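> Quick one: sequence and predicted model below, then my questions.
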Amino acid sequence: MATDDSPTIDTVLHLLNWCRDRGKEYDAVMLLQPTSPFRTIKHLRAAINLMNDNKDASCVTSIVRLWDNHPARIKKLENEKWLIDFCSEANESKFLRRQDFQPPAFFKKWCNLSYSNKYNS
C-alpha cells in the first residue's frame with residue numbers, strides 16, 4: 001500500500017475493513033489531503049452539511065475553478081511540430097481573456113466525503 005503508485009482508495013478500504021474486523025463500522029469517511037493546508041473547520045462543516053442535505057448523493061468533493069490553467073490552454077504536440085487543442089470543447093483561440101473561457105472548468109481540490117455501509121474486501 002505504501003508505494004509511489006498506490007491509489008489512496010486502497011488505503012481507505014484497508015482501514016475501513018481493519019476497523020470492521022475489530023467491531024467498529026462507520027457510515028462516513030472524510031479524506032483530507034495534506035496538499036491543501038488552507039482549509040478551515042468552516043470548509044469541513046460545509047462539506048458535511050452539503051452531504052447531509054443531499055441524501056441521494058454518495059459523496060461530496062471540493063473543487064476550485066480553473067482560470068489560468070483552463071483546459072482550453074492545454075495543447076498536444078502533433079508530428080513533433082504543431083500545437084493542437086487537446087480539448088475540442090474548449091478552444092483557446094475563441095477567447096482573449098481567461099475570464100471568458102467556456103465552459104467553466106473545475107479541479108477537485110482538498111476534501112472528499114463519502115457515505116457507505118459496505119466496504120470492499
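Nice, thanks for sending it over.
> C-alpha only now, for contacts and for neighbours.
Noted.
> number of nearby residues for Leu16?
21 (other Cα atoms under 10 Å).
> residues touching the residue positioned nearest the centre of the chain, list them.
By Cα atoms, centre = their mean, the chain has its centre lying nearest to Lys108, at 3.0 Å. Applying Cα atoms under 8 Å, 6 or more residues apart in numbering, we find Lys108 in contact with 61-64.
> separation between it and Ile63?
4 Å (Cα to Cα, to the nearest Å).
> follow-up on the earlier one: of the contacts of Lys108, buried ones?
Buried members of the contacts of Lys108, counted by 16 or more other Cα atoms under 10 Å: Thr61.
> In TSV, list the contacts of Lys108 along with distance to Cys87 and pLDDT.
TSV is the format used below for the contacts of Lys108 (distance: Cα to Cα, whole Å; pLDDT from 0 to 100):
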residue	distance to Cys87	pLDDT
Thr61	23	85
Ser62	23	83
Ile63	20	84
Val64	19	84
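> Which elements pack onto the helix or strand hosting Arg45?
Assigned by DSSP states H and E, Arg45 belongs to helix 41-53. Counting contacts by 3 or more Cα pairs under 8 Å, 6 or more residues apart in numbering; DSSP states H and E, helix 41-53 packs against strand 59-65, strand 106-115.
> and with 7 Å instead?
When contacts are defined as 3 or more Cα pairs under 7 Å, 6 or more residues apart in numbering; DSSP states H and E, helix 41-53 packs onto strand 59-65.
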